[in-house]
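Novice: Sharing a model prediction with you, sequence too.
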Amino acid sequence: MAKGITPRSEDYSAWYNDIVKRAELAENSPVRGCMVIKPYGYAIWEKIQQTLDGMFKETGHQNAYFPLFIPKSFLSREASHVEGFAKECAVVTHYRLKNDPNGGGVIVDPDAKLEEELIVRPTSETVIWSTYKNWIQSYRDLPLLVNQWANVVRWEMRTRLFLRTTEFLWQEGHTAHSTAQEAVEETVTMLNVYSTFAEEWMALPVVKGVKTENERFAGAVDTYCIEALMQDGKALQAGTSHYLGQNFAKAFEVKFTDKSGVQEYVYGTSWGVSTRLMGALIMAHSDDDGLVLPPKLAPIQVVIIPIYKGPNEMEALKAKCAELRNSLKKAGISVKLDDSDNQTPGWKFAEYELKGVPVRIAIGPRDLANGTCEIVRRDNRSKQFIPTEGLTEYVANLLEEIQQAVYDRAFAYRAAHTTPVNTWDEFKDVLENKTGFVLAHWDGTSETEEKIKEATKATIRCIPMDAEAEEGTCIFSGKPSSRRVMFAKAY
RNA sequence: CGGGGUGUGGCGCAGUUGGUAGCGCGCUAGCAUGGGGUGCUAGAGGUCGUGAGUUCGAAUCUCGCCACUCCGACCA
């Protein structure tokens, strides 16, 4: 009897938490709103990191590291930026503890108050731009293309493992350019890096688009984003890329001298993705038996499980198992041979399914005699007996096939849950009963967007970049609109 | 911060009108087993979140506090 995970149709939150916990990805820590990422979860994050880092390097970026602490005054230099983050900052006010004269514990030493408080970075634009001031003088210093892998802290009221935690891991790219056009190009280039990564590695179809003013990053001129659809019909912002214009350059006095000797403020961008991608991975692909990982991000792509009675049979299987493993390894496939005698084969089957291992190979005495093995795919459970001769090539192809199949399934789900609507009633009905992305006309005003949000909890996820011009009338106000925007309830 | 829920061996839970704590999984040992979470036998493991109150007697009733969780408010 299998210990089933709470069916996701009944209680999506419970299902999600259960997978995170039982697949050993992460857990809550004793610290408010913070999570502990466990080794298996971190192994997936490392794959994400390595892949993205390679893509950043390919597009000309370098890594650097900036301080965790930001002087309070830095944050307030850019007006809308401070307004956007002020409500969720962790603040360091003292630098020393001492023994409590009234008891056994320790207290904050009131004599050790900082003259200027330090903010634990919620994002690094301010420290980085204050540094860029020293790095940039001439057009010859541009473009400056830097990324950092770091942790940031945002004191959210309500947290959820991977999706919204007080502290999270991410990368943030910060670039400076001599022209607006070049900076916009950079913004779009990085958005494309994100969407390529999401689709080709995470097997996650995304919609590229531009945020409305309401949803724009605090301090940006334009915020571009990729939006993905989860299996419960809610949208998840999977990455953002901001065109900052000269906002931060002006706030931090970052000027350069151009070829003609004229001084001008530089143009900036920033872009980031976080451990939230882990949440996206889980919610987009997993099923009631656990995680389903796209092969390209699976820490273990293939598991080999020998099936045997007693040490004699194991002895006979040993050589074949090692041979298969080595051959797969040589082909660059990440493979684990689980020949431990601590658990039964059935237990192992369930365990590796829970962990999302894409391909399982079982081999027993029967197979040995036939020169075959049993291969089971995680994504659709199909079971086949395949000759061990030429197995490596077969598995390599199979992994590619699974990668594509996982994407196709997510794509089909999204397609089935993307609905154009033309009336307010239809809009409400789809959001309530069908869920998913809703394409509708909107009059372009923040007021309307706010009212729609109040009435339905749905927000404009983005104005899709590939949206075609189409005359219509706003579903809420009836005013004219020139194209559809994408609404959804979001995480 | 508001509203709901839950705190009982490592995990998941039961515990009736108050009578001194139990089940499943896991763990330990042994034997069998091994192609989908294997079976049997024998064990170990709990100040019932916490503080007070009511009572001859509290996991159970009352009040306070704490933690977690869900729904809101908040959210690049």
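Specialist: Alright, I've got the coordinates.

Novice: if you go through chain A in chain order, where are the helices?
Specialist: Assigned helices in chain A, in chain order: A:12-22, A:39-58, A:72-75, A:79-85, A:125-135, A:180-196, A:247-251, A:276-285, A:310-330, A:345-354, A:365-370, A:391-416, A:424-429, A:446-456 (criterion: DSSP state H).

Novice: and the worst-scoring helix or strand of chain A on mean pLDDT, how far from the chain's centre?
Specialist: Here the helix or strand of chain A ranked lowest by mean pLDDT, DSSP states H and E is strand A:106-108, holding a mean of 83. Relative to its parent chain, strand A:106-108 has a centroid offset of 38 Å by Cα atoms, centre = their mean, to the nearest Å.

Novice: Tally up the residues packed near residue A:464, please.
Specialist: For residue A:464, the count of nearby residues is 18 (other Cβ atoms under 10 Å). (Glycine included, C-beta is placed from N, CA and C.)

Novice: Which per-residue confidence value corresponds to the closest residue to it other than its chain neighbours?
Specialist: Spatially, and ignoring its direct neighbours in sequence, residue A:464 is nearest to residue A:209 (4.5 Å; Cβ to Cβ, 6 or more residues apart in numbering). According to the prediction, residue A:209 has pLDDT 97.

Novice: surely residue A:209 meets residue A:483?
Specialist: No - using Cβ atoms under 8 Å, residue A:209 is not in contact with residue A:483, being 11.3 Å away.

Novice: Who has more neighbours out of those two?
Specialist: Between residue A:209 and residue A:483, counted using other Cβ under 10 Å, residue A:209 has the larger neighbour count: 22 against 16.

Novice: can you pull the contacts of that one?
Specialist: A:224-227, A:461-465, A:467, A:486 (Cβ atoms under 8 Å, 6 or more residues apart in numbering).

Novice: The same query, at a cut-off of 7 Å, please.
Specialist: A:225, A:227, A:462-465, A:486 (Cβ atoms under 7 Å, 6 or more residues apart in numbering).

Novice: before we move on, what about residue A:211?
Specialist: Neighbours of residue A:211 in contact, by Cβ under 7 Å, 6+ apart: A:223, A:225, A:462.

Novice: repeat that with 10 Å
Specialist: A:217, A:220, A:222-225, A:227, A:237, A:240, A:242, A:459-463 (Cβ atoms under 10 Å, 6 or more residues apart in numbering).

Novice: likewise residue A:380?
Specialist: A:292, A:402, A:405-406, A:409.

Novice: re the thing from before, so what's the residue nearest to residue A:464 bridging to?
Specialist: residue A:225, residue A:464 (DSSP bridges).

Novice: how about the closest residue to RNA strand B within the stretch 51-200 of chain A, what does it touch?
Specialist: Proximity to RNA strand B, evaluated over the stretch 51-200 of chain A using Cβ to the nearest atom of the strand, is greatest for residue A:157 at 2.8 Å. Contact analysis of residue A:157 by Cβ under 10 Å, 6+ apart lists A:33, A:87-88, A:164.

Novice: still on that earlier bit, also within reach of RNA strand B: list those from the contacts of residue A:380.
Specialist: The subset of these within reach of RNA strand B, by Cβ under 7 Å from any atom of the strand, is empty.

Novice: so can I have JSON lines of these showing pLDDT and neighbour count?
Specialist: Shown next, in JSON lines, are those (pLDDT from 0 to 100; neighbours: other Cβ atoms under 10 Å):
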{"residue": "A:292", "pLDDT": "95", "neighbour count": "26"}
{"residue": "A:402", "pLDDT": "98", "neighbour count": "24"}
{"residue": "A:405", "pLDDT": "97", "neighbour count": "18"}
{"residue": "A:406", "pLDDT": "97", "neighbour count": "24"}
{"residue": "A:409", "pLDDT": "96", "neighbour count": "16"}
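
Novice: And the residue most central in space within chain A, how far from RNA strand B?
Specialist: By Cα atoms, centre = their mean, chain A has its centre lying nearest to residue A:277, at 1.6 Å. For residue A:277, the distance to RNA strand B equals 10 Å [Cβ to the nearest atom of the strand, to the nearest Å].

Novice: pretty sure that residue contacts residue A:41?
Specialist: No - between residue A:277 and residue A:41 there is no contact under Cβ atoms under 10 Å: 11.7 Å.

Novice: what's the closest non-adjacent residue to residue A:301?
Specialist: In this structure, residue A:301 finds its nearest non-sequential neighbour in residue A:334, 4.5 Å apart by Cβ to Cβ, 6+ apart.

Novice: low-confidence ranges in chain A?
Specialist: A:1-10, A:103-104 (pLDDT under 70).

Novice: so what's the residue nearest to the centre of chain A up against?
Specialist: A:44-45, A:48, A:52, A:162, A:170, A:194, A:197-198, A:201-202, A:204, A:228, A:236, A:238-239, A:297.

Novice: Repeat that for residue A:140.
Specialist: By Cβ under 10 Å, 6+ apart, the residues touching residue A:140 are A:178, A:256-257, A:259.

Novice: what do you get for residue A:382?
Specialist: Applying Cβ under 10 Å, 6+ apart, the residues contacting residue A:382 are A:375-376.

Novice: hey, what's residue A:385 bridged with?
Specialist: Beta-bridge partners for residue A:385, by DSSP bridges, are residue A:374.

Novice: Run a quick check on it versus residue A:364, I expect a contact.
Specialist: No - checked against Cβ under 10 Å, the pair residue A:385 and residue A:364 is beyond contact range at 11.2 Å.

Novice: just to revisit the earlier point, can you tell me which of the contacts of residue A:277 are in strands?
Specialist: A:170, A:228, A:236, A:238-239 (DSSP state E).

Novice: Quick check: of those residues, which lies closest to RNA strand B?
Specialist: Ranked by distance to RNA strand B (Cβ to the nearest atom of the strand), the ones in strands among the contacts of residue A:277 are led by residue A:170 at 6.0 Å.

Novice: Roughly how far does the closest one sit from residue A:152?
Specialist: For residue A:170, the distance to residue A:152 equals 6 Å [Cβ to Cβ, to the nearest Å].

Novice: shared neighbours, those two?
Specialist: Listed as contacting both residue A:170 and residue A:152 by Cβ under 10 Å, 6+ apart are A:123, A:272, A:274.

Novice: Out of those residues, which is nearest to residue A:60?
Specialist: residue A:272 (17.5 Å; Cβ to Cβ).

Novice: which residues touch the closest residue to that closest one other than its chain neighbours?
Specialist: In space, not counting the residues next to it along the chain, residue A:272 is nearest to residue A:172; the distance is 4.4 Å by Cβ to Cβ, 6+ apart. For residue A:172, the contact set (Cβ under 10 Å, 6+ apart) comprises A:66, A:121, A:123-125, A:128, A:146-150, A:152, A:270-274.

Novice: Kindly give a single PyMOL line that selects the buried subset of those residues.
Specialist: Burial among the contacts of residue A:172 is assessed by 16 or more other Cβ atoms under 10 Å; the matching PyMOL selection reads:
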select buried, chain A and resi 66+121+123+124+125+128+146+147+148+150+152+270+271+272+273+274
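
Novice: now, which of the contacts of residue A:172 lie within strands?
Specialist: Going by DSSP E, the strands hold A:146-150, A:152, A:270-274 from those.

Novice: Check the offset of stretch A:422-440 from the chain's centre.
Specialist: 26 Å.

Novice: What of stretch A:340-356?
Specialist: 28 Å.

Novice: Okay, buried residues for that stretch please.
Specialist: Those would be A:348-356, for stretch A:340-356 by 16+ other Cβ under 10 Å.
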